[in-house]
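>>> Structure, please.
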Amino acid sequence: MVDLRLYALLDPERAGGHDLAELGRKVVAGGATLVQLRDKHGSTRRMIDETRAIKAALTSAGVPLLVNDRVDVALAAGADGVHVGQDDMPVAEARRLLGPSAVIGLSVKTLGEAEAAPLDALDYVCVGGVFVTTSKDNVKAPIGITGMKELLATFRARAPKFPVGAIAGIDETNAGEVVSAGADGVAVISALSLAPDPTGAARRLRGIVDESLRARGSP
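Coordinates of the predicted model:
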């Protein structure tokens, strides 16, 4: 089962001046359990090169690397899977192309999307945006903790143990609240990449998540 406790998203436009592969290495050293390359504007060639470099940096740690949206890049570069949105390649097609061992995640923002998500073909979902974020051009209002709980309840009713993470605007000030409310982990960009010490930031966030999971009785 995929470990969503600290899901680090690496974006070249919000990398804080860090090389992406080095940034990946730093956040994993601090406790990141899953990493995603999120490059919305890069060429296919650049994304393949980025993916290969990050994958090489993470190999010794055994942390999976996913690619946002681009199944073709994941295949070409040997990534461990993909994360897709509602308007990207359908999950069933991504699974067909990547095979049964790939990690595939899906973004979910509404109750309708939660009810329709093909859980049998997915490894996890991320719900949100939970809070306001500056790392994405998002015209929709955040769903907040209340909206997140509604989506979580929908997934728990369908599959009680299915991994569900939360995304958007999450940092050290609110990660504990998010996990206490039921999320299995947090997906973050700026809270890690723009921190003066990404390793230290990852270590603190991972500690907050782990403590919140213990407090609510999760393993």
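
>>> a strand runs through residue 67, doesn't it?
Yes: residue state for residue 67 (DSSP: H, G, I helix; E, B strand; the rest coil) corresponds to a strand.

>>> Give me the neighbour count for it.
Neighbour count for residue 67, taken as other C-beta atoms under 10 Å: 28. In short, each C-beta sits where N, CA and C put it, glycine included.

>>> So for the nearest residue to it once chain neighbours are set aside, what's the pLDDT?
Leaving aside its chain neighbours, residue 67 sits nearest to residue 74 (4.3 Å; criterion: C-beta to C-beta, 6 or more residues apart in numbering). With respect to pLDDT, residue 74 scores 98.

>>> And for residue 129?
pLDDT, read off for residue 129, is 89.

>>> got any ranges where this structure has weak pLDDT?
134-139, 219 (pLDDT under 70).

>>> how about the residue nearest to residue 67, what does it touch?
51, 66-67, 80-82, 98, 102 (C-beta atoms under 8 Å, 6 or more residues apart in numbering).

>>> One more: residue 171?
With contacts defined as C-beta under 8 Å, 6+ apart, the neighbours of residue 171 are 188, 190-191, 205.

>>> how about the longest helix belonging to the chain: buried residues?
When the chain is parsed with DSSP state H, its longest helix is helix 198-215. Neighbour-count burial for helix 198-215 flags 198-199, 201-210, 212-213 (criterion: 16 or more other C-beta atoms under 10 Å).

>>> The residue nearest to residue 67: which element?
helix 71-77 (DSSP states H and E).

>>> Check which residues of that helix are buried.
Buried, per 16+ other C-beta under 10 Å, within helix 71-77: 71, 73-77.

>>> Show residues contacting whichever helix or strand comes after it.
Downstream of helix 71-77, the first helix or strand assigned by DSSP H and E is strand 81-84. For strand 81-84, the surrounding residues in contact (C-beta under 8 Å, 6+ apart) are 36, 64, 66-71, 74, 91, 94, 98, 102-107, 123, 126.

>>> swap in stretch 151-167?
Residues outside stretch 151-167 that contact it (C-beta under 8 Å, 6+ apart): 1-2, 4, 7, 107-108, 110-111, 114-115, 117, 119, 123-130, 143, 148, 178, 181-188.

>>> let's see 7 Å
Contacts to stretch 151-167, defined as C-beta atoms under 7 Å, 6 or more residues apart in numbering, come from residues 1-2, 4, 7, 108, 111, 114-115, 119, 124-130, 148, 178, 182-187.

>>> mind listing the strands for this structure?
6-10, 34-37, 65-68, 81-84, 103-108, 124-127, 164-167, 185-188 (DSSP state E).

>>> What strands flank the fifth one, and is each parallel or antiparallel?
Sheet neighbours of strand 103-108, with direction, are listed as strand 81-84 (parallel), strand 124-127 (parallel) (DSSP bridges).

>>> what do you get for the third one?
Looking at strand 65-68 with DSSP bridges, its paired strands and their directions are strand 34-37 (parallel), strand 81-84 (parallel).

>>> what's the spacing between residue 182 and residue 108?
14 Å (C-beta to C-beta, to the nearest Å).

>>> okay, these two: which has more neighbours?
More crowded of residue 182 and residue 108, by other C-beta under 10 Å: residue 108, with 24 against 19.

>>> list the contacts for residue 104?
Applying C-beta under 7 Å, 6+ apart, the residues near residue 104 are 81-82, 91, 94-95, 98, 121-123.
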